[in-house]
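Asks: task: produce atomic coordinates for the following.
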Amino acid sequence: YRTFLKYWVDNLHKVHPHTIGHPARPNIHISFHLADFLLLFGPLFHWWAFPFERLIGTIQRINTNHQIGSA
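Replies: As a prediction, the model looks like this:
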């Protein structure tokens, strides 16, 4: 995994020349740690936060008219 990811990152500017001079994004850095997380915590579906993030997004869209705690 890391070998292929490093190859992709090293050749990213060849495929997308408009990115020359741009710093690497945090997503790329985190991707290198994904293999460590999988070894430490097991399969992704056991520990990913997407369901909770989706719930928080749903709750944030509820119209409260900025009156928290009122009935």
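Asks: tell me the centre residue of the protein?
Replies: residue 27 (6.1 Å; C-alpha atoms, centre = their mean).
Asks: quick one: that one from residue 38, how far?
Replies: Distance, residue 27 to residue 38, using C-beta to C-beta, to the nearest Å: 17 Å. Any C-beta I mention is one placed from the backbone N, CA and C, and that applies to glycine too.
Asks: for residue 13, grab the count of nearby residues.
Replies: Using other C-beta atoms under 10 Å, residue 13 has 13 other residues around it.
Asks: not counting its neighbours along the chain, what's nearest it?
Replies: residue 20 (5.0 Å; C-beta to C-beta, 6 or more residues apart in numbering).
Asks: hmm, back to that, confidence score at the residue nearest to the centre of the chain?
Replies: Listed pLDDT for residue 27 reads 80.
Asks: what sits up against whatever helix or strand it lives in?
Replies: Under the criterion of DSSP states H and E, residue 27 resides in helix 26-41. Around helix 26-41, the neighbours that count as contacts under C-beta atoms under 8 Å, 6 or more residues apart in numbering are 1, 2, 5, 6, 9, 44, 47.
Asks: among the residues you listed, which lie within strands?
Replies: Using DSSP state E, no member of those falls within strands.
Asks: with pLDDT and neighbour count added, can I get the residues you listed in JSON lines?
Replies: Rendered in JSON lines, the data for the contacts of helix 26-41 read as follows (pLDDT from 0 to 100; neighbours: other C-beta atoms under 10 Å):
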{"residue": "1", "pLDDT": "85", "neighbour count": "10"}
{"residue": "2", "pLDDT": "88", "neighbour count": "12"}
{"residue": "5", "pLDDT": "90", "neighbour count": "14"}
{"residue": "6", "pLDDT": "91", "neighbour count": "11"}
{"residue": "9", "pLDDT": "87", "neighbour count": "14"}
{"residue": "44", "pLDDT": "81", "neighbour count": "11"}
{"residue": "47", "pLDDT": "79", "neighbour count": "11"}
